[in-house]
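1. Fold the stuff below for me.
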Amino acid sequence: MKFTVYGNPTGKGRPKFSRRGNFVHTYTPEKTANYEDLVIISYNQAKTVEDLKLFDKPLKVDIKAFYPTTTNPITKKKFNKKESALALSNDIKAVIKPDVDNVIKIILDALNGVAYKDDNQIVKLTAEKIYSTNPRVEIEIILAD
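-> Down below sits the predicted model:
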């Protein structure tokens, strides 16, 4: 099962807290909730009946996050043409926010109960950050060996 979430990769935001009288209410930031919804929509548009067989099995997940070549993370300035070409050829690595672990977390949490029963079924996980002119996140979910 492969699918793509188009747009800039987004990381999982920290939970927010608000006080209501004597109680503290925890909630998910709006940006995180919106991106999780986008992940679910993207998955649902791509899934087939065959993909439902993955729901309760051990899984491998591969996540590739493609970031726009807009800003050089070292100089904090826009990439020039040469830097952009180097970034696109992967000679400049995507050392850029959001952190890869936060991208993983938002994807896996969004798919919990949707693509699989629980993310504890994931026994192997790979993730990579790459520059691209087409920002997106590509996700592949397959049966574990």
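2. what residues are up against the nearest residue to residue 130 once chain neighbours are set aside?
-> Computed as Cβ to Cβ, 6 or more residues apart in numbering, the closest residue to residue 130 that is not its neighbour in sequence is residue 66, at 5.2 Å. Every C-beta, even on glycine, is put in place using the N, C-alpha and C of the backbone. Residues counted as contacts of residue 66 (Cβ atoms under 8 Å, 6 or more residues apart in numbering) are 9, 130-132, 134-138.
3. which of those count as buried?
-> Among the contacts of residue 66, those buried by neighbour count (16 or more other Cβ atoms under 10 Å) are 9, 131-132, 135-137.
4. would you list these in JSON lines and tack on secondary structure and distance to residue 38?
-> Shown next, in JSON lines, are these (DSSP: H, G, I helix; E, B strand; the rest coil; distance: Cβ to Cβ, whole Å):
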{"residue": "9", "secondary structure": "coil", "distance to residue 38": "11"}
{"residue": "131", "secondary structure": "strand", "distance to residue 38": "21"}
{"residue": "132", "secondary structure": "strand", "distance to residue 38": "18"}
{"residue": "135", "secondary structure": "coil", "distance to residue 38": "13"}
{"residue": "136", "secondary structure": "strand", "distance to residue 38": "11"}
{"residue": "137", "secondary structure": "strand", "distance to residue 38": "10"}
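5. Let's have those residues in JSON lines, adding distance to residue 60 and pLDDT.
-> Shown next, in JSON lines, are those (distance: Cβ to Cβ, whole Å; pLDDT from 0 to 100):
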{"residue": "9", "distance to residue 60": "20", "pLDDT": "94"}
{"residue": "131", "distance to residue 60": "25", "pLDDT": "91"}
{"residue": "132", "distance to residue 60": "23", "pLDDT": "90"}
{"residue": "135", "distance to residue 60": "24", "pLDDT": "93"}
{"residue": "136", "distance to residue 60": "20", "pLDDT": "96"}
{"residue": "137", "distance to residue 60": "17", "pLDDT": "97"}
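6. Next, give me the two most distant ones among these.
-> 131 and 137 (13.5 Å; Cβ to Cβ).
7. What ranges in the protein fall below the confidence cut-off?
-> 27, 71-76 (pLDDT under 70).
8. ranges for the helices of it?
-> Secondary structure of the chain (DSSP state H): helices at 30-46, 81-88, 100-111.
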